[in-house]
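**Q** Here is the input, now give the coordinates:
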Amino acid sequence: MRYETSLPPRLSELAILIVARHWTAHFEWQAHKRDALKGGVSPEVIASIAAHKVPELATEEERAVYRIATTLLETRAVPDALYQEGVRVLRERGVVDLIGVLGYYTLVAMTLNTFEIGLPEAMQPDLTGTPNAGS
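**A** Numbering: from 1, shown residues only. As a prediction, this is how the structure comes out:
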């Protein structure tokens with residue numbers, strides 16, 4: 001779900017960070033923050049997502065990923081107009097792959113939170129709130 005998609009790493013990692021922030025999955029966030037930086041997601045975008053702020057995204061593709069991911073996670077649906085925008089920008093395969101990434105990493109976040117797999121004691125969390133608290 002992460003390496004075999006039509007999405008470049010920058011977009012996959014952006015989506016994964018959105019999921020990790022949504023679920024306040026500290027371990028998932030730390031693991032993918034590094035990968036997001038390597039993939040080209042800016043530190044400012046990462047900081048905005050961590051702070052529950054809408055990031056300033058540089059490309060139409062990043063904005064489509066952000067809007068689809070946050071809308072789906074918050075409302076449990078993707079309105080037709082947003083879906084059509086996603087298809088226009090990411091192509092249909094890209095939207096399908098994005099939904100797969102979101103679903104897979106939601107499962108990972110839920111598993112980490114359920115079994116309380118957090119950070120090693122030496123690491124401080126970047127995210128405020130506790131898992132399952134929604135903030």
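**Q** Longest helix in this structure, please.
**A** For the chain, the longest helix by residue count, based on DSSP state H, is helix 80-114.
**Q** other SSEs contacting that helix?
**A** Counting contacts by 3 or more Cβ pairs under 8 Å, 6 or more residues apart in numbering; DSSP states H and E, helix 80-114 is packed against helix 9-23, helix 26-39, helix 60-75. For every residue, glycine as well, the C-beta is placed using N, CA and C.
**Q** so which of those comes closest to I99?
**A** helix 60-75 (7.4 Å; Cβ to Cβ).
**Q** how much distance is there from the closest one to the middle of the chain?
**A** Distance, stretch centre to chain centre, for helix 60-75: 9 Å (Cα atoms, centre = their mean, to the nearest Å).
**Q** buried sites along it?
**A** Neighbour-count burial for helix 60-75 flags 61-69, 71-72 (criterion: 16 or more other Cβ atoms under 10 Å).
**Q** Quick one: the residues you listed as CSV, columns for distance to G40 and pLDDT too.
**A** Putting those into CSV (distance: Cβ to Cβ, whole Å; pLDDT from 0 to 100) gives the following:
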residue, distance to G40, pLDDT
E61, 11, 98
E62, 10, 98
R63, 15, 98
A64, 16, 98
V65, 13, 98
Y66, 15, 98
R67, 19, 98
I68, 19, 98
A69, 17, 98
T71, 23, 98
L72, 23, 98
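**Q** wait, which of the residues you listed is closest to K38?
**A** Comparing those against K38 with Cβ to Cβ picks out E62 as the nearest, at 15.9 Å.
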